[in-house]
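Asker: Here's a sequence, model it:
(2 chains)
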Amino acid sequence: GNSVTQMEGPVTLSEEAFLTINCTYTATGYPSLFWYVQYPGEGLQLLLKATKADDKGSNKGFEATYRKETTSFHLEKGSVQVSDSAVYFCALSGSGTYKYIFGTGTRLKVLA
Amino acid sequence: GAVVSQHPSWVICKSGTSVKIECRSLDFQATTMFWYRQFPKQSLMLMATSNEGSKATYEQGVEKDKFLINHASLTLSTLTVTSAHPEDSSFYICSASLAGGRSDTQYFGPGTRLTVL
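Answerer: The predicted structure is shown next:
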């Protein structure tokens, strides 16, 4: 079955540091891939998405590239801010279905 | 655009009572809505998929008689936790997909925190 594996946190960085959160997946066909962010006490917000191989999703300085050859969708940001502190979820939507499979989430804490 | 609201944002109830949570898509029509449950510091667990005008599809292990889902219109789905018990305390989150199958992106509500005493 489909699955998403996400690096465990928490990840603690200093402000302006480079961020990478790893995400790999297992799926049949051609899933769509997503990154969502959850701030404390809130629901999930779509951060970025990619629907086919080699697509790059980007938003608010965050980027992720759909790598079919390595079945990965790693999240990166060149310079994090304190306001980026949140939990980040990687998810996939399998071919022919709108159901999501979520990773376990990675908590990011950015220190001033 | 693509805003989803939930009401209430938090609720406290006594054991044995029922609680209804509403999920609304404010600026789009949602053919499909999803209900998730999230335990502290954990990922989201899909409870059920709700399609407008038809019965919800529940995930394995989710009691359909305990978690009643109604999707009466293209903008509203409700989750009723019947005879709630302390173990039902959790953060419940809904999401919605655009009607017509044009997109597989889900838009999430802000969540409802349920505490059962």
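Asker: got a pLDDT number for B:Arg102?
Answerer: As predicted, B:Arg102 sits at a pLDDT of 52.
Asker: what does B:Ala2 give?
Answerer: So B:Ala2 comes in at 82 (pLDDT).
Asker: Burial check on it, number of neighbours?
Answerer: When counting by other C-beta atoms under 10 Å in any protein chain shown, one arrives at 17 neighbours for B:Ala2. Bear in mind the C-beta positions are built from the backbone N, C-alpha and C, glycine included.
Asker: Give me the residues contacting the helix or strand that contains A:Ser58.
Answerer: When elements are assigned from DSSP states H and E, A:Ser58 belongs to strand A:56-59. With C-beta atoms under 8 Å, 6 or more residues apart in numbering or on different chains as the test, strand A:56-59 has contacts from A:33, A:35, A:47-50, A:63-66.
Asker: Mind checking which of those residues land in strands?
Answerer: A:33, A:35, A:47-50, A:63-65 (DSSP state E).
Asker: just checking: which of the residues you listed also lie near chain B?
Answerer: Filtering those for proximity to chain B by C-beta under 8 Å from any C-beta of the partner chain leaves A:Lys49.
Asker: Out of the ones in strands among the contacts of strand A:56-59, which is nearest to chain B?
Answerer: Of all the ones in strands among the contacts of strand A:56-59, chain B sits closest to A:Lys49, with 6.3 Å by C-beta to the nearest C-beta.
Asker: Save the contacts of strand A:56-59 as TSV, and put in neighbour count too.
Answerer: Listed next are the contacts of strand A:56-59 as TSV, based on neighbours: other C-beta atoms under 10 Å in any protein chain shown:
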residue	neighbour count
A:Leu33	26
A:Trp35	26
A:Leu47	21
A:Leu48	20
A:Lys49	21
A:Ala50	20
A:Glu63	16
A:Ala64	27
A:Thr65	17
A:Tyr66	21
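Asker: Let's test this: name the helix or strand in chain A with the lowest mean pLDDT.
Answerer: Counting by mean pLDDT, DSSP states H and E, the weakest-scoring helix or strand in chain A turns out to be strand A:100-102, with a mean of 90.
Asker: can you give me the mean pLDDT across whichever helix or strand comes after that strand?
Answerer: Following strand A:100-102 in sequence order, the next helix or strand is strand A:106-111 (DSSP H and E). For strand A:106-111, mean pLDDT rounds to 96.
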